[in-house]
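Student: Give me a model of this one.
(one chain, ligands or ions: 1)
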Amino acid sequence: MKAEEIQEILDTAQLMRPIMNSRNKKITYLQGKNVVTLFYESSTRTRVSFELAAKYLGATTTNISVATSSVSKGETLIDTVRTIQAMGVDIVIMRHPMTGAAKLLSENIEAKVINAGDGINEHPTQALLDLYTIKKHKGKIKDLNIVIAGDILHSRVARSNIWGMTKLGARVVVVGPTTIIPKEIKKMGVEVSSNMKQVIKNADVIMALRIQKERQKSPLFPSLREYQHYFGIDEEKLAMAKPDVLLMHPGPVNRGVELTSDIMEGENSVIEEQVTNGVAVRMALLYLMTREGILSE
Ligand code: CP
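Tutor: Here you go, the predicted model:
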């Protein structure tokens, strides 16, 4: 995807915001289209916001619960989606624990596929909503200093955001315990640090990431308490940052680990706004995707 295409999605999301705030949230852009959400991993924000986005645009939506579908009888991913496609589905929105699952699917079915997170690889729509939120507050992405803090190793949000932020000209620093920062991340054009107090001073945006305990086979740092001490953001660390620093987190948050509750709900935080913007960005994406030739891969 080109920088101009990212910009087009962000601009279209801005046009979608009034629809979200209107009394009649239903319009007809996607009338006659069927959208299926297929999530092999848990989700609150992504699944619900895609479902709302599709409904606001007039599509018919169906949610497939992996636990109660024939996946639990051993049906493969491709057979599952071919079965869904046989019922006339236009767009499949999928989250899957395997890297590359959405790409594999898109190569094997006719319906359009949106990646709602594939393992630790990518979470493109989260990055788009984060870029939209940053641009809304800062007026630009280019030349901003953005700090991404925490579990970079397991974070598809980090990888997609780094890709998008650097593409749009931001400077990105990743910070955290060295055991959860993969060495190859430097190849994505970021700086690496293990000193939160140092990098926070220059930040325009701080994005804290969830410590993904469910993906750590064995502990990668001594304790959550120690993590909180060095890398968690509290009043003391936030006081070292610029007064207008934007504080973000993709959610869900481990309260008291990545962020204290006070900070989460403080005036620098845009965490709830990220969720709201997610609906507008996903509406924009669904709208643009269904118009042939508007977006490349
Ligand atoms: N940020 C995010 O992907 O949240 P969910 O897991 O709740 O969808």
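
Student: Low-confidence stretches in the protein?
Tutor: 292-297 (pLDDT under 70).

Student: Show me it divided up by domain.
Tutor: Domain ranges of the chain: 3-119+275-289, 124-266, per automatic domain parsing.

Student: Test my guess that R171 contacts L144.
Tutor: Yes: counting by C-beta atoms under 8 Å, L144 is a contact partner of R171 at 7.2 Å. Bear in mind the C-beta positions are built from the backbone N, C-alpha and C, glycine included.

Student: circling back to that earlier point, make TSV from the domains of the chain and add distance to the ligand to it.
Tutor: Listed next are the domains of the chain as TSV, based on distance: least, C-beta to the nearest ligand atom, whole Å:
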stretch	distance to the ligand
domain 3-119+275-289	3
domain 124-266	4
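
Student: for the residue sitting furthest away from the middle of the chain, phi and psi?
Tutor: Most distant residue from the mean C-alpha position of the chain: K73, 30.2 Å away (C-alpha atoms, centre = their mean). Per-residue torsions, K73: phi -100, psi 0 (degrees, to the nearest 10).

Student: contacting residues around G278?
Tutor: 45-46, 49, 125-126, 129 (C-beta atoms under 8 Å, 6 or more residues apart in numbering).

Student: Spit out the contact partners of the most centrally placed residue in the chain.
Tutor: The chain has Q126 as the residue nearest its centroid, 1.8 Å off, counting by C-alpha atoms, centre = their mean. By C-beta under 8 Å, 6+ apart, the contact list for Q126 reads 46, 117, 156-157, 160-161, 250, 278.

Student: rerun at 10 Å
Tutor: By C-beta atoms under 10 Å, 6 or more residues apart in numbering, Q126 lies in contact with 45-46, 116-117, 155-158, 160-161, 164, 250-251, 274, 278, 281.

Student: ok, which pair from the residues you listed is furthest apart?
Tutor: S155 and V281 (18.9 Å; C-beta to C-beta).

Student: Any of the contacts of Q126 buried? List them.
Tutor: 45-46, 116-117, 155-158, 160-161, 164, 250-251, 274, 278, 281 (16 or more other C-beta atoms under 10 Å).

Student: Out of those, list just those in strands.
Tutor: 116-117 (DSSP state E).
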